[in-house]
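S.K.: fold the following and give me the result.
(one chain, ligands or ions: 1)
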Amino acid sequence: MKIVKYPHPCLRHLSKPLVRVDSELRRLAAEMLELMYEFDGVGLAANQVDLPYRLFAVNFEGDQAIKEQEFVFLNPVITNRSGMDEAEEGCLSFPGIYAPVRRPNKVTLTAFDLSGNEIHLELEGLPARAVQHETDHLDGVVFVDRLSPTNEMAVREPLESLARQFAGEQQRGLIASNEQIATRLGELEKLRT
Ligand code: NI
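M.R.: Have a look, this model is predicted:
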């Protein structure tokens, strides 16, 4: 398992809800948490590791030692958005790129955990921001899609640089072709959604 970088097509994949939890899914989730901590992330969505599944891992403190802040959410749904706040965001799929993003600062998250229990959380501040950022991923939306025109201009060049790097790696065969990626996602999706 490996974190894919912008503009990998999996980051644009709209994930469908998972229909079951099993040991293989729990293994994938554990691997996602490991990768998230390895790269000092607060959250990691399945499409960031080239999987078409509707789940993400998060630790609201970004600290592996604080287990009560660690969650894996399946089929997350966000409701009751209120307030508005602007804060800087980054993303493990956009190394070195940070920009302010406006989002509601209070939300309700409904999701399932890896034991199949339904969870309701009222979140505010950074946790609210994190679950919105990660749920966006599952819809194929990335944080740079939500920038103001001025902030969008500021990240244009680093984005183009990531795009050139991606194209180069694809050309050298280090990354599968877009067609191969789409075929694989379709096959994986059939297994669990
Ligand atoms: Ni992200």
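S.K.: for the residue lying closest to Leu55 once chain neighbours are set aside, helix, strand, or coil?
M.R.: Spatial nearest neighbour of Leu55, chain neighbours left out: Leu74 (4.7 Å); criterion: Cβ to Cβ, 6 or more residues apart in numbering. Yep, even glycine has a C-beta here, placed from its N, CA and C like the rest. Of the three states, Leu74 takes strand under DSSP: H, G, I helix; E, B strand; the rest coil.
S.K.: around Gly168, how many other residues sit close by?
M.R.: A count of nearby residues for Gly168, using other Cβ atoms under 10 Å, gives 11.
S.K.: could you say what helices and strands the longest helix anywhere in the chain packs with?
M.R.: Of all the segments of type helix in the chain, defined by DSSP state H, the longest one is helix 149-171. Counting contacts by 3 or more Cβ pairs under 8 Å, 6 or more residues apart in numbering; DSSP states H and E, helix 149-171 packs against strand 99-103.
S.K.: per-residue confidence at Met153?
M.R.: Per-residue confidence for Met153 comes out at a pLDDT of 94.
S.K.: please report how far it lies from Arg27.
M.R.: Distance of Met153 to Arg27, computed by Cβ to Cβ, to the nearest Å: 42 Å.
S.K.: what's near enough to touch the residue most central in space within the chain?
M.R.: Nearest to the mean C-alpha position of the chain, by Cα atoms, centre = their mean, lies Ala45 at 3.0 Å. Applying Cβ atoms under 8 Å, 6 or more residues apart in numbering to Ala45 gives the contacts 55-56, 134, 137-138.
S.K.: now do whatever residue is furthest in space from the centre of the chain, the pLDDT please.
M.R.: Residue distances from the centre of the chain (Cα atoms, centre = their mean) peak at Arg172, which lies 26.4 Å from the mean C-alpha position. Note for Arg172: predicted pLDDT of 96.
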